[in-house]
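# no sequence for this one, just the structure:
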Ligand code: 3HC
Ligand code: NAI
């Protein structure tokens, strides 16, 4: 059956794009749409046409799975040109979402309507490309240069209501049936005697984007698509429509060939693949109607907020009334911020706080909870004590979860009479904002408990990644390793500032020493104390970090850490830090270039990540990528550490490790999986394909 249906009644032709799940514009859809438009043009009984999407949305864009493959006729720009050049009027009737090529189809139509609540956007830059089917030339003709540039360079969608104000659409539909609304409006348009109104023939916009371009260039840190997209939009002011289209095509092709495009599209599919876990396929999750949270500090309050925002009632237990009051205040502040950001209705906030949230100091209050998440201090002793109490009060079949960052979930489960119900749910801070959730499956965790954790993640709008039990799971285990590589460089002469700069220039949001200041140097110090018994004689302690800690430089919270925040919230480099670091060095100092800093940092990251995959802690390399993209500020356009490693070359990483091992063959030991893949000339991607496709 054709993916575009043609139906005619009352002189209105309805062209329905039907290609589940998102009506993507695959080759088959493009060809069928072109055919349907020709049929309408030739159909003497049809005077106006409506294009709409079947199912829950209009059109989700070009078919991303075709990117990187040879282009197949007809091209989307040609199909849209056929719509625009049709002598009879064609209307786009949009519901749900119109994204990328989907919105470009609508821009090529002569009239546009959208149903209330619809989202319209050109998110191409988030995939490393730019709108390549006329979006950069038609949108500015409809909404003006600045508004079009902003929408295209940010990739952010607009609501139907805002689109009406901006002039992107002409009409807001009524009711909830897009077909009925479209037919009714098309009949009105017919009665008004409207004619075809090609966007491409509208007046060219005027204005200048050089300021926006300079701002974008400064903040893009190596990402090329947003700036290139602005260049394409700017072409609409100086070139004819046809030449502007040619320029758009040239820049689109240029971006299509970049590794950044490949990295961003890898990220898109990887994010959707982590939730597909063979071990829970077909297993029904347990029902979750009420959450229990134990500990209402930074994490517990954030987790409770996240649940409340998702409509799940919460019982939160703290140690005493004062702490319970503080937890409630934090949650109230989080919800107030959500209201401010337009994410929550003010009336609903009051209901969430007064009805959906219960705070208590007695563990018995947790008895009705279906899933309990512990977020107390990071101490095995405290956590085991809490789990023994939960075992006593939780109803049979309730899921017992821990938010521990590093600790052994098997050992926590072992103090309960129901280890099959215990799982790790490692949220990231702030828990109501960060999307990543590591789901730590312990030795005895029952498959339906794992399925329940994944179902909860979906409900909370999180991106779940399966992890196995080890010190630090996926993210923190790898982090510990590359942090150590950075610390070794500082011990050998690199300044923490030089390292942060090189790592930011690579594209990370922050360097490792800025992260230390944010988390607090006391956290690292406590971790070193906890692990003191496991230290190997050849491990090199970060003596400078201890020196800063003992000097009371705990980071942002004391206004001083590696950086000085006393008169600059961003932090200033400080000679006092450099003096403390120098005094704590015991070996001879040498210079490090930015290139060597990045090589060492990345080799350590990829090597430990290869161990994490090799040991089965992460199911696939793509799971590591998603953890780093969403939990550790890894530059999205590089696709994640494993995707990046494939583009850099596994043989080169192995050679780097062997080079570094000449000075330190204790720290630099190649992971068996890395050696195996490099020797075979294989990639990490080859392991992703095995499980997901
Ligand atoms: N092409 C191919 N597959 C797509 C797709 C696309 N454009 N958009 C979504 N899919 C797939 C997903 O991979 C997923 O597949 P799976 O079930 O096998 O994992 C399935 O469709 C459902 O997707 P989601 O889980 O994301 O569904 P949601 O309902 O949560 O979201 C959506 C729907 C908002 C449309 C979201 O999928 C989305 O943002 N898609 C990408 C939109 C986009 O970036 N479009 C621009 C493409 S580039 C372009 O158009 C170039 C043009 O200018 C020439
Ligand atoms: P926190 O110190 O802010 O909060 C802990 C809370 O637990 C305190 O409010 C304390 O009163 C309460 N508490 C302690 N014992 C209790 C008990 N027996 N019963 C009830 N409440 C009790 O700590 P934070 O940062 O929220 O961390 C909590 C857990 O989350 C730790 O295991 C930590 O490793 C983990 N985690 C922390 C992250 C972070 O960025 N802070 C990120 C991810 C996980």
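It's in. All values reported here derive from a predicted model rather than from experimental measurement. Ligands and ions are numbered 1, 2, ... in the order given.
# tell me which parts of the stretch 1-150 of the chain are close to ligand 1?
Counting by C-beta under 6 Å from any ligand atom, the stretch 1-150 of the chain comes close to ligand 1 at 21-22, 24, 60-65, 76, 97, 99-101, 104, 123-124, 127, 131-133, 135. No exception for glycine: its C-beta is placed from N, CA and C like everyone else's.
# Please list the outside residues in contact with whichever helix or strand residue 390 is part of.
Here residue 390 sits within helix 380-393, counting by DSSP states H and E. Defining contact as C-beta atoms under 8 Å, 6 or more residues apart in numbering, one finds that helix 380-393 is touched by 294, 363-364, 366-367, 372, 374, 376-377, 400, 402, 404, 407-408, 411-413, 415-418, 422.
# Among the residues you listed, the buried ones, what's the PyMOL command?
Buried residues within these, by 16 or more other C-beta atoms under 10 Å, are selected in PyMOL with:
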select buried, resi 294+363+366+372+374+376+400+402+404+407+408+412+413+415+416+418+422
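# Sort out for me which of the contacts of helix 380-393 are in helices.
Among the contacts of helix 380-393, the residues falling in helices (DSSP state H) are 411-413.
# Throw the residues you listed into CSV and include distance to ligand 1 and pLDDT, thanks.
Formatted as CSV, the ones in helices among the contacts of helix 380-393 follow (distance: C-beta to the nearest ligand atom, whole Å; pLDDT from 0 to 100):
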residue, distance to ligand 1, pLDDT
411, 36, 98
412, 33, 98
413, 32, 98
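# What is the nearest of the residues you listed to ligand 2?
residue 412 (10.4 Å; C-beta to the nearest ligand atom).
# In contact with that closest one, which residues?
Contacts of residue 412 (C-beta under 8 Å, 6+ apart): 380, 383-384, 387, 402, 404, 422.
# Among the residues you listed, which ones lie close to ligand 2?
residue 404.
# so can I have CSV of the contacts of residue 412 showing distance to ligand 1 and pLDDT?
Converted to CSV, the contacts of residue 412 look like this (distance: C-beta to the nearest ligand atom, whole Å; pLDDT from 0 to 100):
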residue, distance to ligand 1, pLDDT
380, 38, 94
383, 35, 98
384, 39, 98
387, 35, 98
402, 29, 98
404, 30, 96
422, 29, 98
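# which stretches of the stretch 1-150 of the chain have low pLDDT?
Along the stretch 1-150 of the chain, no part satisfies pLDDT under 70.
# picking up where we left off before, so which of the residues of the stretch 1-150 of the chain next to ligand 1 belong to strands?
97, 99 (DSSP state E).
# Narrow the residues of the stretch 1-150 of the chain next to ligand 1 to those that are buried.
22, 24, 60-64, 76, 97, 99-101, 104, 123-124, 127, 131-133, 135.
# Point out the residues in the chain that sit beside ligand 2.
294-300, 317-319, 323, 375-378, 382, 386, 403-405, 426-429.
# Out of those residues, which end up buried?
Taking 16+ other C-beta under 10 Å as the criterion, what is buried in the residues of the chain next to ligand 2 is 294-296, 299-300, 317-318, 323, 375-376, 378, 386, 403-405, 426-428.
# give me the low-pLDDT residue ranges for this structure?
In the chain (pLDDT under 70), the answer is 690-693.
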